[in-house]
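Undergrad: Next comes the sequence, and after it the predicted model I'd like to discuss.
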Amino acid sequence: MASVEQAGQTATTNGEVHDGAGIPVENPASGQVIATVPELSAEQVHELARRGRAAQPGWEALGFEGRARVLLRMQKWVLDNAERVVETIISETGKTYEDAQLAEISYAASAFGFWAKNAEEFLADERIRASSPLVLGRKLVVRYRPLGLVGVIGPWNYPLTNSFGDCIPALAAGNSVILKPSEITPLTSLLMLEALQECGMPENVYQVATGRGETGAALVDEVDMIMFTGSTRTGKKVMERAAQTVTPVSLEMGGKDPMIVLADADLERAANAATFYSMQNGGQTCISIERVYVEEPVYDEFVSKVTEKVRALRQGTPAGPGSVEVGAITFPPQMEVIEGHVQDALAKGARALTGGHRGPGPGQFFEPTVLVDVDHSMQCMTEETFGPTLPIMKVQDADEAVRMANESPYGLAGSVFTRDNHKGEAIARRVEAGAVCVNDAMLNYSALELPMGGWKASGLGSRHGANGIRKYTRQQTLLVTPKLAARKRDVHMFPYRKSTTRMLGRLFRLLWGRGKRG
Ligand code: NDP
């Protein structure tokens, strides 16, 4: 039903032709409208859901092998068509070639292979051994069945990785999926629809519901589970709406990731990491380094290294590999947030050592910015900025750094830099976040075996690892009593007898009443 009109042509997707009206998609680096996509109504989303549900049993019946074949074809398709995918991502996000290649193409290519290979093992029946004498001789099994129809709602910062990426395990599990991409970046999701059709995905198993927030809200009402990635504000709305139909949700939301630099850190590596992981993708990554705490003895040297590196970054309209390090700001209202945080900091006594302003148009750019003399009275240290800014704060010691890092409603990820890995790991364990790296940042995301999910206001549930696919299933427990254990009447059944009750009491004490206790 979703269709996209590009370069004067109307292509159809989900089987219907679009009448031309809809949401304009802009290239944020040029400010030009590059396509128009339809805005789906609640009725149209309902129709997609009907089709998705009808298609699901056939997809499930293909089994893990049949589904893996499609996913592995997709893995090859993404690599064979990498230039086209990169071009589409750049056109709707304004990110650099490298940001699209490193964090999107590589993620999708690896994820198709990972879920094709591991879905069967993660969702295999599990035989359970129980300790209760009451179930002696019984066969106990946990099994996983696909939920049916999964709704994925995605943000604009990674149209392939974060919007489409979550569809892969949901599909691998045997569900049909409706993806509601951000209204700002729907084109990559539609390209994936074309690709999946080419790779043999049965019709209506993967569908795209283009539209604004209302389309997302309508999707919540229709599906058996919602995988949401986006801001904490919208995530709460999604959870509230899903509560009306008792629909399970998995929420990947905002962050304010701290980086801690200890006095014994390799400052050159720490400065390179701070620069890269705060500025890659223009700082528009949920797990970007958003604030830095540096131990006092190395603060000046660290600041000077980072400032020099950030000052050297080239920003502008991406023009192929190696052209710029920092691209555009994808979402127009984000410019106000970034500028607001910088101005708030400057008004409260901070200094911008480089950057601090909007870049020249016609696209949306904000200069890579290093802020110092910052504290927690400033928005740049407490609220998600989601732009190319790096506030750096001096702390007395590691304890103060940990205290400051944890003084946040968010808990997505964090990092610690030190030459002493033992100490680094001990500090990492004290940081209240779903993922913490020592002498690194962000890279944990590319290890698909590692669960990734936020604490506190950053999320609920996780992606990747075994739970990254089990959440798209219903768990069912089976207890099968074989002939051998199926007596005419079990000892605990009616009628109750004093002697049996006493005997059971002695048995429970024998089993669970012995052993040392503190
Ligand atoms: P938003 O919360 O604004 O939007 C996310 C999605 O929800 C969009 O598709 C949006 O549609 C849709 N939506 C809006 N209103 C509703 C509603 N009432 N019901 C259902 N869906 C709705 O997030 P952004 O797109 O601005 O993305 C940036 C945010 O995403 C940042 O906070 C970032 O930290 C977070 N993020 C988190 C990640 C993680 O893994 N934890 C990864 C990547 C990003 P529309 O855009 O059309 O309004």
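TA: Everything's here; your move.
Undergrad: Every contact and neighbour count from this point should use C-alpha atoms.
TA: OK.
Undergrad: need the residues of this structure near the ligand, please.
TA: 153-156, 162, 180-184, 211-214, 216-217, 229-231, 234, 237-238, 252-255, 285-286 (CA under 6 Å from any ligand atom).
Undergrad: Cross those residues against strands and list the overlap.
TA: Judged by DSSP state E, these include 153, 180, 229, 252 as members of strands.
Undergrad: was I right about the third one contacting Ser163?
TA: Same thing as Thr229. Yes - contact criterion CA atoms under 8 Å: Thr229 and Ser163 qualify, at 7.4 Å.
Undergrad: Name the residues contacting each of the two.
TA: 153-155 (CA atoms under 8 Å, 6 or more residues apart in numbering).
Undergrad: Which of the residues you listed sits closest to the ligand?
TA: Pro155 (3.4 Å; CA to the nearest ligand atom).
Undergrad: Which pLDDT value belongs to that closest one?
TA: For Pro155, the model assigns a pLDDT of 98.
Undergrad: so how many other residues sit close to it?
TA: 21 (other CA atoms under 10 Å).
Undergrad: returning to what we had before: please pick the buried ones from the residues of the chain next to the ligand.
TA: By neighbour count, with 16 or more other CA atoms under 10 Å, the residues of the chain next to the ligand hold 153-156, 162, 180-184, 211-212, 216-217, 229-231, 234, 238, 252-255, 285-286 as buried.
Undergrad: Report the strands that pair with the helix or strand hosting Val141, each with its relative direction.
TA: Using DSSP states H and E, Val141 maps to strand 139-146. Strand pairing for strand 139-146, using DSSP bridges, gives strand 126-127 (antiparallel), strand 473-480 (antiparallel).
Undergrad: quick one: which of those strands is nearest Gly515?
TA: Checking these against Gly515 by CA to CA gives strand 126-127 as the closest, at 28.0 Å.
Undergrad: gap between Arg509 and the ligand?
TA: The gap separating Arg509 from the ligand is 48 Å, by CA to the nearest ligand atom, to the nearest Å.
Undergrad: quick one: which helix or strand includes that residue?
TA: Short version, using DSSP H and E: Arg509 is in helix 498-512.
Undergrad: for that helix, the distance to its chain's centre please.
TA: How far helix 498-512 lies from its chain's middle: 51 Å, per CA atoms, centre = their mean, to the nearest Å.
Undergrad: Can you tell me what sits against the strand holding Val141?
TA: Residues contacting strand 139-146 (CA under 8 Å, 6+ apart): 60, 123-130, 173-175, 470, 472-482.
Undergrad: Same question for it: list its buried residues.
TA: 140, 143-146.
Undergrad: could those be laid out in CSV, adding pLDDT and distance to Pro321?
TA: Listed next are the buried residues of strand 139-146 as CSV, based on pLDDT from 0 to 100; distance: CA to CA, whole Å:
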residue, pLDDT, distance to Pro321
Leu140, 98, 55
Arg143, 98, 47
Tyr144, 98, 44
Arg145, 98, 44
Pro146, 98, 41
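Undergrad: Out of the residues you listed, flag the one nearest to the ligand.
TA: Pro146 (22.5 Å).
Undergrad: Show me how far the helix ranked longest in the chain is from its chain's centre.
TA: With secondary structure taken from DSSP state H, the chain has its longest helix at helix 42-61. How far helix 42-61 lies from its chain's middle: 24 Å, per CA atoms, centre = their mean.
Undergrad: and the next helix or strand after it, what does it pack onto?
TA: Proceeding N to C from helix 42-61, the next assigned helix or strand is helix 63-80, under DSSP H and E. If contacts are counted by 3 or more CA pairs under 8 Å, 6 or more residues apart in numbering; DSSP states H and E, helix 63-80 sits against helix 106-122, helix 167-172, helix 187-198.
Undergrad: Centre of the chain to whichever helix or strand comes after helix 63-80, how far?
TA: Downstream of helix 63-80, the next assigned helix or strand under DSSP H and E is helix 82-93. Relative to the centre of its chain, helix 82-93 is centred 20 Å away, using CA atoms, centre = their mean.
Undergrad: now helix 82-93 against helix 106-122, angle please.
TA: Between helix 82-93 and helix 106-122, the angle comes out at 110 degrees (axes from the mean of the first three to the mean of the last three CA atoms, to 10 degrees).
Undergrad: returning to that earlier point: what does the longest helix of the chain contact?
TA: Here helix 42-61 has contacts from 1, 67, 146, 148-149, 173-178, 202-207, 209, 214-215, 218-219, 222-223, using CA under 8 Å, 6+ apart.
Undergrad: Narrow these to those that are buried.
TA: Here, 16+ other CA under 10 Å leaves 1, 67, 146, 148-149, 173-178, 202-207, 209, 215, 218-219, 222-223 buried among those.
Undergrad: got any ranges where this structure has weak pLDDT?
TA: 1-20 (pLDDT under 70).
Undergrad: So which residues of the stretch 351-500 of the chain form strands?
TA: Ranges of strands in the stretch 351-500 of the chain, per DSSP state E, counting those that start in this stretch, are 351-354, 369-372, 389-395, 410-411, 413-417, 435-438, 455-456, 459-460, 473-480.
Undergrad: which one of the ones you listed lies closest to Thr501?
TA: strand 473-480 (24.4 Å).
Undergrad: can you give me how far that closest one is from the chain middle?
TA: Distance, centroid of strand 473-480 to centroid of chain: 28 Å (CA atoms, centre = their mean).
Undergrad: just stretch 256-263 next, same as before
TA: Using CA atoms, centre = their mean, the offset of stretch 256-263 from its chain centre is 22 Å.
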